[in-house]
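Enquirer: A predicted structure for the sequence below; I have some questions about it.
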Amino acid sequence: MKRKLLTIPLLFLCAVLLSGCVPLLETGDSGTESAGGGHLPVEKAASSSQVFPEDPALYAGDDAEVVCFYVTVLGGNGADGTDHTLEEVDSYLNLQGMYDVEKIRTEVLVQVGDEEGPREGALGYTELASNATMNVRGRTSTGYAQKSYRITLFDNAGLWEGQRAIALNKHPADVTRLRNALYFKLLQDVPAIPSLRTRFVHLYLRDQTGDAPEEAFTDYGLFTQVELPNNRYLRNHALSIDGNLYKANMCEMYRYPEALRLVSDPDYSASAFERVLESKTGEDHTKLLRMLDAVNDYSISTEELLDTYFDVDNLTSYLAFNLLMGNQDSNAQNYLLYSPLGSSRWYYICWDGDDCLNETEGWLREKDWQIGEWTRGISNYWGVVLFNRALRLPSFRQALQAKMELLRQTITPERVAELIARYRAVVDGYTQALPDSVHMRVEQQIRDQILEGMPRDLESSYQHYLDSLEKPMPFFQGNAEIEDGQLRLTWAESYDLDGEFLRYDVQLCRDWQFEDVVWEQKGLLSTSASLPLPEAGEYYWRVTVTNESGYTQTSFDSVVTSTGSHNGMRRFTIGQDGTVVNPE
């Protein structure tokens, strides 16, 4: 029966073709004529599947030019929660570990111009009343004296350079005050990943909410305006405005079932969700959770996972660029996840590079809060489930190496030095004058050395990447426990990309400098050790793994004391009753 039904359309098609009802192509000398009449020759571009069709004109403006913002703080009303003074706005704190902190907003009049004042035809020139709200933005940066601000224009106020939400970042911890501009400028030439537009902004602020309303504008110094990722960003970059966009607050691509739930789930909590990922485009998290389920489902091969849910070109661009720029704070946060409408794939977008190319600064300033050895190179991403899986694939590492070599053709020490010189022509005039000069935290001579060393940091970062390919991967130490009257120490297994044998050295000491050694054991093949229970007191312990080639690695763990953060170790206390307490 099926054979007969299939024959009918075939016979019908043959009859139609033979009868001439469907014009057949008759190619002449030019190959452009048909039996149905002549056609003008046209050239058709090849179809493109490019996800990020970046228009170079988007970045055509002079990113080293300074634009002046004149902001008058007017205060608002209790109905929308904007009845706050500037002093109250600046009192806002949202440090790491603080959750569900309500933003403190006020109403402001924003006018844009130059050093002469608001400019005719520019945003807010003819306005007399509020046209925006303003609040302090950031997390760690909220603890500094100099604040960063977010300005949100009213719907009827128009846009500024295609943006309604405007971030003015002070970058108080960045003594160069130009790293973010440099980072996103270089990112513009990286394939398969979009950048963010930046501008330098000179902020003048007039407070009329205090006891003595100000008539004159106060100089607040130099800020870097960085394009905020939101629906407007997607529209400006020709991306899917109906797609999904999330900002990672602390996400290592685990499933986080207690925090990441559908809105329809009775146990859904918006604040718990946003501690992991902050949604920028809506409340339908179905596609996100489906992807995270797959990332954490080891019955799905990594090859299938990458092919279905990600784009290797995009992933390698994200990793290679941040590795080359030495931007360590890009593993669990400071990135965005984007998925276009109608697609199962997710793409990484960079966010925040104000800590890039900082190795010279670390040496010159002798920071107490030193970074761990594992933060250099690919081991910095080993704690992220997705990258942990991908980096185990030789094919992925080969693609990453190819991308690194591609980027090094354009992101060169010479190019970095050229951009730094160009930005310094603008920035230095502000960092050496009030109000910014008193907040620079280093002497000008040290700052000069830091800036001069940043092009060399580029090459150091690349070498750290190469070294990391040879080293074992970092791991976590477990809790110290008492078992059968002995102290038992355990740790997770390390991993070697070349499959070399691994041996572990364990040390137990009374001090974090590891000078007062209580016990040690070397060359262990297992991931545990037992020893007689020590006397009561506080102890520190660490594990070092070594592969056959002699390369070593430490654990992810760290201990915080009054002298700073100390990496590659854990701490515990044995009480007088013989119990063990693990504080971290």
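Expert: That came through, no problem. Numbering: from 1, shown residues only.

Enquirer: Going by neighbour count, list what's buried in the longest helix along the chain.
Expert: Longest helix in the chain, counting residues (DSSP state H): helix 444-470. Within helix 444-470, the residues that qualify as buried are 447, 450-451, 453-455, 457-458, 461-462, 464-465, 468-469, counting by 16 or more other Cβ atoms under 10 Å. Heads up, the C-betas are built off the backbone N, CA and C, glycines and all.

Enquirer: Show the average pLDDT along that helix.
Expert: With pLDDT averaged residue by residue, helix 444-470 scores 97.

Enquirer: From the chain's centroid, how far away is that helix?
Expert: 20 Å (Cα atoms, centre = their mean, to the nearest Å).

Enquirer: The helix or strand that comes right after it packs against which elements?
Expert: In the C-terminal direction, the helix or strand that comes right after helix 444-470 (DSSP states H and E) is strand 481-483. Packed against strand 481-483 by the contact rule (3 or more Cβ pairs under 8 Å, 6 or more residues apart in numbering; DSSP states H and E) you find strand 486-490.

Enquirer: Could you list the alpha-carbon positions for the strand it packs on in PDB?
Expert: Extracted in PDB, the C-alpha atoms of strand 486-490 (Å, rounded to 0.1, in the frame of the first residue of the first chain):
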ATOM      1  CA  GLN A 486      43.800   8.800  64.600                       C
ATOM      2  CA  LEU A 487      43.700  12.100  62.600                       C
ATOM      3  CA  ARG A 488      42.700  11.400  59.000                       C
ATOM      4  CA  LEU A 489      43.400  13.900  56.200                       C
ATOM      5  CA  THR A 490      41.800  13.500  52.800                       C
END
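
Enquirer: List the neighbouring strands of whatever helix or strand comes next after it plus their orientation.
Expert: Counting by DSSP H and E, the next helix or strand C-terminal to strand 486-490 is strand 502-509. Here strand 502-509 has these sheet partners by DSSP bridges: strand 517-524 (antiparallel), strand 537-547 (antiparallel).

Enquirer: Now do whichever helix or strand comes after the last one: everything it contacts.
Expert: Using DSSP H and E, the helix or strand that follows strand 537-547 in sequence is strand 552-553. Strand 552-553 is contacted from outside by 373, 374, 379, 471, 472, 473, 474, 475, 494, 544, 545, 546, using Cβ atoms under 8 Å, 6 or more residues apart in numbering.

Enquirer: Take those residues and write them to CSV, including neighbour count and distance to residue 182.
Expert: What follows is the contacts of strand 552-553, written out as CSV (neighbours: other Cβ atoms under 10 Å; distance: Cβ to Cβ, whole Å):
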residue, neighbour count, distance to residue 182
373, 19, 26
374, 25, 25
379, 26, 25
471, 23, 29
472, 27, 33
473, 22, 30
474, 24, 29
475, 24, 34
494, 23, 35
544, 18, 36
545, 25, 36
546, 20, 37
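
Enquirer: so which of these comes closest to residue 570?
Expert: residue 475 (11.9 Å; Cβ to Cβ).

Enquirer: Quick check: the closest one vs residue 212, distance?
Expert: 59 Å (Cβ to Cβ, to the nearest Å).

Enquirer: Tell me if I am right that residue 293 is in a helix.
Expert: Yes - Residue 293: assigned to a helix according to DSSP: H, G, I helix; E, B strand; the rest coil.

Enquirer: Now it: closest residue in space, sequence neighbours ignored.
Expert: residue 255 (6.4 Å; Cβ to Cβ, 6 or more residues apart in numbering).

Enquirer: State the distance from the one you found to residue 261.
Expert: Relative to residue 261, and taking Cβ to Cβ, residue 255 is found at 11 Å.

Enquirer: do residue 116 as well
Expert: 53 Å.

Enquirer: what do you get for residue 60?
Expert: Taking Cβ to Cβ, one finds residue 60 at 43 Å from residue 261.

Enquirer: Those two - which one has more neighbours?
Expert: Neighbour comparison, residue 60 and residue 261: the larger count goes to residue 261, with 17 against 8 (by other Cβ atoms under 10 Å).

Enquirer: burial measure for the residue lying closest to that one once chain neighbours are set aside, as a count.
Expert: Leaving out its chain neighbours, the residue that sits closest to residue 261 by Cβ to Cβ, 6+ apart is residue 268, at 4.5 Å. Residues lying near residue 268 (other Cβ under 10 Å) number 15.

Enquirer: Secondary structure class of residue 268, three-state.
Expert: Under three-state DSSP, residue 268 comes out as coil.

Enquirer: so it touches residue 260, yeah?
Expert: No - counting by Cβ atoms under 8 Å, residue 268 does not reach residue 260; the two are 9.3 Å apart.

Enquirer: Nearest spatial neighbour of residue 397, chain-adjacent residues omitted?
Expert: Residue 397 sits nearest to residue 391 (Cβ to Cβ, 6+ apart), 6.3 Å away.

Enquirer: neighbours around that neighbour, how many?
Expert: Residue 391: 23 neighbours (other Cβ under 10 Å).

Enquirer: State the distance from it to residue 98.
Expert: 33 Å.

Enquirer: just residue 255 next, same as before
Expert: Residue 255 is 25 Å from residue 98, by Cβ to Cβ.

Enquirer: what are the ranges of the strands in the stretch 301-450 of the chain?
Expert: All strands of the stretch 301-450 of the chain, identified by DSSP state E, counting those that start in this stretch, fall at 335-339, 347-350.

Enquirer: what sits up against the first one?
Expert: Counting contacts by Cβ under 8 Å, 6+ apart, the residues outside strand 335-339 that touch it are 229, 234, 239, 243-248, 277, 280, 287-288, 291, 318, 345-351.

Enquirer: Could you tell me which of these belong to helices?
Expert: Using DSSP H, the contacts of strand 335-339 in helices are 234, 287, 288, 291, 318.

Enquirer: pretty sure the first one is touching residue 228, no?
Expert: No - taking Cβ under 8 Å as the contact criterion, residue 234 and residue 228 are not neighbours in contact, 11.2 Å apart.

Enquirer: Hmm, residue 83 and residue 77 touching each other?
Expert: Yes - counting by Cβ under 8 Å, residue 77 touches residue 83, with 5.3 Å between them.

Enquirer: ok, the two, which is more surrounded?
Expert: residue 83 (15 against 9).

Enquirer: For that one, which three-state class applies?
Expert: Under three-state DSSP, residue 83 comes out as coil.

Enquirer: Quick check: which ranges of this protein have low pLDDT?
Expert: When residues are selected by pLDDT under 70, those of the chain lie in 1-37, 44-50, 367-370.
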